[in-house]
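Visitor: pasted the sequence and its predicted model underneath.
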Amino acid sequence: MALPSTAPPTLLVVDDEPDNFDVIEAMLSVQGYILHYVSNGQAALDCLNTVQPDLILLDVMMPGLDGMAVCRQIKALPQERGVPIIMVTALDSKQDLSRCLEAGADDFLSKPINRVELVARVRSMLRIRQQYQQLASFNAELESLVQQRTAQLQVMIDTDALTQLPSRPQLLQATSMALQSADRSKEGAITAPMPDHGVALAHLDCDHFKLVNGAFGYDVGNDLLKAIAQRLQQLLRPGDVLARMGGDEFCFLLHHLDHPALLESWTQAVFESFAKPFRVANCDFFMSVCMGVALADTATAQPETLLQAADTAMHRAKQQGKGSYQVFDAQLTTATRHRLALETDLQRALEHQEFVTYYQPIIRSATGQIVGFEALVRWQHPERHLVPPGEFIPCMEETGLVVQVGLVVLRQACEQLRIWHQQGAPDLTVSVNLSVRQFDSPTLVADIDQMLAATGVNPACLKLEVTESALMNDAEAAIAVMEQLRSRQIQISLDDFGTGYSSLAYLHRFPIDTLKIDRSFVQQIHTGNRSHQVINTIIALSSQLSLSVIAEGIETPEQLQFLQALGCEFCQGYLFDKPQPASEILLKRPPSRADLAASLLEAPTVPT
Ligand code: C2E
Ligand code: MG
Ligand code: MG
């Protein structure tokens, strides 16, 4: 749309009488308008492109096309619709005038023409014309501005600001196109159909990225993400797309992966690209990623579904640990659905106080005396009855719910211990398990302090069981927490020893009191395997480090005797008792060693 011109307005006069034009020209001469004249309707229509009038003075009565017909045709032309038309007519009945208006005329002048009236009407129409043009040009400007902004916004939506990579919406769009063209090429295949689409999404998530942000700040974190993006871009093959999905997540759209070997080698290249450190802020950062891949034929061929499948596979890979890789299969969705249902159910269970604590005795091997109990959580499910912790602790670990449930167990255990102490067993201890997540909780020590104060339990009778993985996560932080706990006289046991890092070398660094030999070693004692050597070594080492030792999972008298012979101080296992609710535990006079030996000889099967 042209801007309103500053040139004098152009008028087109259409009249079959040239004299009439002369009259009009004379009357308007001082106004400075540019006047064009045509003598019939068809000529008026023909000259519109060249003349481009700002106003048309149109005679009504003309041979051939009359003024009404010309007016109607001009008003039907989109580009001329805004040009005002004044009908000039000798007719003056109301009917005639209303016909002019119906034909689209904007005004009319009666013949014979009066100069004052002509000048006034022309001026008024030109003013309207000018306003119309201004409005049109304003609208055009506005529209182009809106278009510009929309385009800028689209770029912002489609591009990730940090890495300049395509973002999620653009990836979805590209995936949709890839799926469509894969479909078309499949249809076009006349010979054997293609084995599959060859389109895949590979969803990557950096491992423990938040540690970088936490330790070095967001600027370094952002630079590292840019460096990762650059390195990943080098893995792009022609036609592939790499997008940033937000945070530390990236996604590849891959084409032509029709053969498993191709996917295999591409995947390998991804993991190899993370072998070298990333140089950021003068530091070398070693990063790893987990990756989930979804192939277009294994999911319904919708971009969102495919992305969801890659995401599910990626989360499954995460569960397998750092640097893992998983290809989507349908079973994963079922597992994910179960998993989500479990999460909701566990939250509800916490609200409904369905977590209860069972206790398993810990026995002094030499005397058979109960020295304490290990507190073990159970889920009193309304339909499934008693659910063991193995089925729900890993899920709670991930969601973080284990922190709250752990406090419930700690409270129940401390309250129960106080009851036992009041019942005349003042030295009895209770051991409470702490998961990695609890151990990392910043409020752990304060929570424990609060629990001890609320229950009035002697901290020296509380033992906390941690696993090697909890300590190795961040050894320095773990040592600091353990020091704080020990300064309160709380004791610390290293649980499941031998199953984790099993590095005896680091043991002396951790302020622990007790080692718990994992039951997998105890259960292999008489199988001729070398686990008895392992137990032997652990016991000898513990004595050098002045640590006490508890053997877990003792089920047979033979296992007990073997451990006694090695000098294992404390024992725990079904041989003595399974975990039970406190209500079923009666603290009796500690049996003598002779009593115990006699009872074991009488009952070679496992007592419950
Ligand atoms: P854990 O701390 O090593 O506990 C010992 C596990 O071995 C218990 O399983 C116990 O019932 C079982 N056990 C004891 N003696 C025998 C035996 O002679 N034979 C066999 N086959 N098993 C025996 P449970 O209660 O199912 O607990 C499993 C794990 O769940 C625990 O291993 C612990 O890591 C975790 N857990 C239990 N309660 C809690 C809790 O309150 N908080 C946290 N964070 N973890 C808990
Ligand atoms: Mg334990
Ligand atoms: Mg254990």
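Guide: Looks like it came in fine. Numbers count the residues shown, from 1 in each chain. Ligands and ions are numbered 1, 2, ... in the order given.
Visitor: how is this protein divided into domains?
Guide: 10-138, 168-328, 341-599 (automatic domain parsing).
Visitor: which strand in the protein has the most residues?
Guide: In terms of residue count, the longest strand belonging to the chain (DSSP state E) is strand 370-381.
Visitor: direction included, what does that one pair up with?
Guide: Using DSSP bridges, strand 370-381 pairs in its sheet with strand 355-364 (antiparallel), strand 385-387 (antiparallel), strand 429-433 (parallel).
Visitor: that strand near ligand 2 at all?
Guide: No - against ligand 2, strand 370-381 shows no contacts by Cβ under 5 Å from the ion, the least distance being 5.6 Å. Yep, even glycine has a C-beta here, placed from its N, CA and C like the rest.
Visitor: flag every buried residue along that strand.
Guide: Ile370, Val371, Gly372, Phe373, Glu374, Ala375, Leu376, Val377, Arg378, Trp379 (16 or more other Cβ atoms under 10 Å).
Visitor: near ligand 1, which of those residues show up?
Guide: Leu376, Val377 (Cβ under 6 Å from any ligand atom).
Visitor: among the buried residues of strand 370-381, which two are most distant?
Guide: Val371 and Trp379 (27.7 Å; Cβ to Cβ).
Visitor: can you list the residues of the stretch 301-450 of the chain near ligand 2?
Guide: Residues of the stretch 301-450 of the chain lying near ligand 2 (Cβ under 5 Å from the ion): Asn433.
Visitor: what segments of the stretch 301-450 of the chain are helices?
Guide: 303-319, 330-351, 393-399, 401-422, 436-440, 444-455 (DSSP state H, counting those that start in this stretch).
Visitor: show me where pLDDT drops low in the stretch 151-300 of the chain?
Guide: Low-confidence segments of the stretch 151-300 of the chain (pLDDT under 70): 183-197, 258, 297-300.
Visitor: which stretches of it form strands?
Guide: 200-206, 241-246, 249-254, 278-280, 283-285, 289-295 (DSSP state E, counting those that start in this stretch).
Visitor: what helices or strands is the fifth one leaning on?
Guide: Just to be clear, that refers to strand 283-285. When contacts are defined as 3 or more Cβ pairs under 8 Å, 6 or more residues apart in numbering; DSSP states H and E, strand 283-285 sits against strand 278-280.
Visitor: contacting residues for Asp311?
Guide: His203, Gly292 (Cβ atoms under 8 Å, 6 or more residues apart in numbering).
Visitor: mind running it again at 6 Å?
Guide: Contacts for Asp311 (Cβ atoms under 6 Å, 6 or more residues apart in numbering) come out as His203.
Visitor: ok, now Val293?
Guide: Contacts of Val293 (Cβ under 6 Å, 6+ apart): Ala200, Ala202, Val327.
Visitor: burial of the last one, as a residue count?
Guide: Right, the one you point to is Val327. A count of nearby residues for Val327, using other Cβ atoms under 10 Å, gives 21.
Visitor: could you find the closest non-adjacent residue to it?
Guide: Val293 (4.9 Å; Cβ to Cβ, 6 or more residues apart in numbering).
Visitor: beta partners for that neighbour?
Guide: Bridge pairing for Val293 - DSSP bridges - gives Ala202, Val327.
Visitor: near ligand 3, which residues of the stretch 351-500 of the chain?
Guide: Asp495, Asp496.
Visitor: no, scratch that, I was asking about the chain
Guide: Asp495, Asp496, Glu552.
Visitor: of those residues - the most surrounded one?
Guide: In those, the most neighbours by other Cβ under 10 Å go to Asp495, 24 neighbours.
Visitor: that one bridge partners, please.
Guide: Bridge pairing for Asp495 - DSSP bridges - gives Thr467.
Visitor: that one against Leu464, yeah?
Guide: No - distance between Asp495 and Leu464: 9.5 Å, which falls outside the contact criterion (Cβ atoms under 6 Å).
Visitor: need the helix or strand of this structure with the lowest average pLDDT.
Guide: helix 593-602 (a mean of 45; mean pLDDT, DSSP states H and E).
Visitor: quick one: Glu476 is in a helix?
Guide: Yes - looking at Glu476 with DSSP: H, G, I helix; E, B strand; the rest coil, it is inside a helix.
Visitor: where's the residue of the stretch 1-150 of the chain found nearest ligand 2 relative to Ser167, distance?
Guide: As assessed by Cβ to the ion, ligand 2 sits closest to Thr150 within the stretch 1-150 of the chain, at 60.8 Å. Using Cβ to Cβ, to the nearest Å, we find Thr150 at a distance of 17 Å from Ser167.
Visitor: just for the stretch 401-550 of the chain, where's the confidence low?
Guide: In the stretch 401-550 of the chain, residues with pLDDT under 70: 473, 500-505, 527-531.
Visitor: around ligand 2, which positions in the stretch 451-600 of the chain sit nearby?
Guide: So the stretch 451-600 of the chain meets ligand 2 at Glu465, Asp495 (Cβ under 5 Å from the ion).
Visitor: coming back round to it: out of the strands of the stretch 151-300 of the chain, which is closest to ligand 2?
Guide: strand 289-295 (28.8 Å).
Visitor: quick one: the closest one to helix 330-351, angle?
Guide: Strand 289-295 and helix 330-351 are oriented at 130 degrees to each other (axes from the mean of the first three to the mean of the last three Cα atoms, to 10 degrees).
Visitor: please, where are all the helices along the stretch 151-300 of the chain?
Guide: For the stretch 151-300 of the chain, the helices defined by DSSP H, counting those that start in this stretch cover 168-188, 209-216, 218-233, 260-273.
Visitor: dump the last one to CSV, restricted to CA.
Guide: Extracted in CSV, the C-alpha atoms of helix 260-273 (Å, rounded to 0.1, in the frame of the first residue of the first chain):
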residue,chain,number,x,y,z
PRO,A,260,21.1,-51.7,13.8
ALA,A,261,24.9,-51.6,13.1
LEU,A,262,24.5,-48.0,12.0
LEU,A,263,22.8,-47.0,15.2
GLU,A,264,25.4,-49.0,17.2
SER,A,265,28.3,-47.1,15.6
TRP,A,266,26.6,-43.7,15.9
THR,A,267,25.9,-44.4,19.6
GLN,A,268,29.5,-45.4,20.2
ALA,A,269,30.6,-42.1,18.6
VAL,A,270,28.4,-40.2,21.0
PHE,A,271,29.9,-41.8,24.0
GLU,A,272,33.4,-41.5,22.7
SER,A,273,32.9,-37.8,22.1
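Visitor: what comes up buried for that helix?
Guide: In helix 260-273, counting by 16+ other Cβ under 10 Å, buried: Leu263, Trp266, Thr267, Val270.
Visitor: now do the longest one
Guide: Of the residues in helix 168-188, those with enough neighbours to count as buried (16+ other Cβ under 10 Å) are Arg168, Gln170, Leu171, Leu172, Ala174, Thr175, Ala178, Leu179, Ala182.
Visitor: which of these lies closest to Gln561?
Guide: Arg168 (63.6 Å).
Visitor: what sits against the closest one?
Guide: Met245.
Visitor: begin at 57, not 1, for the rest of this chat.
Guide: Okay, residue one is now 57; in that scheme the one you just asked about reads as Arg224.
Visitor: now do the phi/psi pair for the residue nearest to Phe272 when sequence neighbours are not counted.
Guide: Closest residue to Phe272 apart from its sequence neighbours, by Cβ to Cβ, 6+ apart: Ala337 at 6.9 Å. Main-chain torsions, Ala337, degrees, to the nearest 10: phi 50, psi 40.
Visitor: tell me, how many neighbours does Ala337 end up with?
Guide: 11.
Visitor: and what of Gln579?
Guide: The burial count for Gln579: 17, using other Cβ under 10 Å.
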